[in-house]
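Trainee: can you look at this prediction? I've put the sequence above it.
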Amino acid sequence: MISDRLITGITYTSNIVQLKLKKTVALPNDDLELRVFKSLANDGISVDFINVQSEWISFTVTADLAEKALSLLHEIGVYPEIEYNCAKVAVVGAAMTGIPGVMAQVVEALITMEYPSCSQVIPIPIFGAWLKKNTWSWQ
């Protein structure tokens, strides 16, 4: 029965680029987040995986819009670090809520399959086969 399974699905999005910018004294920080996200939105660039911290802002864009995003950021004086060839993996399953170790098992699967970096796309059928072969024990 599906409701008995811890993980019910896995999906991924490839060809994404992560941009990460450090807030510095050189950048006026009072409205940095607003300037960054408004600049991108005004030019039709959608962002995902947004993480705003006191010292950093990071987010992803699709690879086809990465150069446009960089150009817009440069126009407002922002020069982010860039990580190309990333993929986002989503693990789905209502039964995993509150169960420690789920992410550890997913990372173990990725390492076991020898996909150690975000620059490699994970073939989901292979990952799914790994999950079916390996038993998941939760204490």
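Mentor: Okay, I see it.
Trainee: could you use CA atoms for every contact and neighbour count after this?
Mentor: Noted.
Trainee: which residue ranges of the chain form helices?
Mentor: 32-42, 66-75, 102-112, 124-133 (DSSP state H).
Trainee: check which helices and strands the first one is in contact with.
Mentor: Here helix 32-42 is seen to pack against helix 66-75 when contacts are counted using 3 or more CA pairs under 8 Å, 6 or more residues apart in numbering; DSSP states H and E.
Trainee: mean confidence score for the helix it packs on?
Mentor: For helix 66-75, mean pLDDT rounds to 96.
Trainee: rewinding a little: nearest to residue 18, of the helices of the chain?
Mentor: Residue 18 lies closest to helix 66-75 among the helices of the chain, at 8.8 Å (CA to CA).
Trainee: packing partners for the closest one?
Mentor: Under the contact criterion of 3+ CA pairs under 8 Å, 6+ apart, helix 66-75 touches helix 32-42.
Trainee: check which residues of the helix it packs on are buried.
Mentor: 36-37, 39-40 (16 or more other CA atoms under 10 Å).
Trainee: swap in stretch 78-90?
Mentor: 78-80, 84-87.
Trainee: contact partners for the residue nearest the centre of the chain?
Mentor: By CA atoms, centre = their mean, the chain has its centre lying nearest to residue 88, at 4.6 Å. Counting by CA atoms under 8 Å, 6 or more residues apart in numbering, residue 88 makes contact with 12-14, 16.
Trainee: select only the buried ones of those residues in PyMOL?
Mentor: Under the burial definition 16+ other CA under 10 Å, those of the contacts of residue 88 that qualify are selected in PyMOL by:
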select buried, resi 14+16
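Trainee: from the contacts of residue 88, which ones fall inside strands?
Mentor: Mapping the contacts of residue 88 onto strands (DSSP state E) picks out 12-14, 16.
Trainee: out of those residues, which comes closest to residue 73?
Mentor: Nearest to residue 73 among the ones in strands among the contacts of residue 88, counting by CA to CA, is residue 16 at 17.2 Å.
Trainee: report the separation between the residue lying closest to the closest one once chain neighbours are set aside and residue 68.
Mentor: Spatially, and ignoring its direct neighbours in sequence, residue 16 is nearest to residue 62 (4.4 Å; CA to CA, 6 or more residues apart in numbering). Distance of residue 62 to residue 68, given as CA to CA, to the nearest Å: 11 Å.
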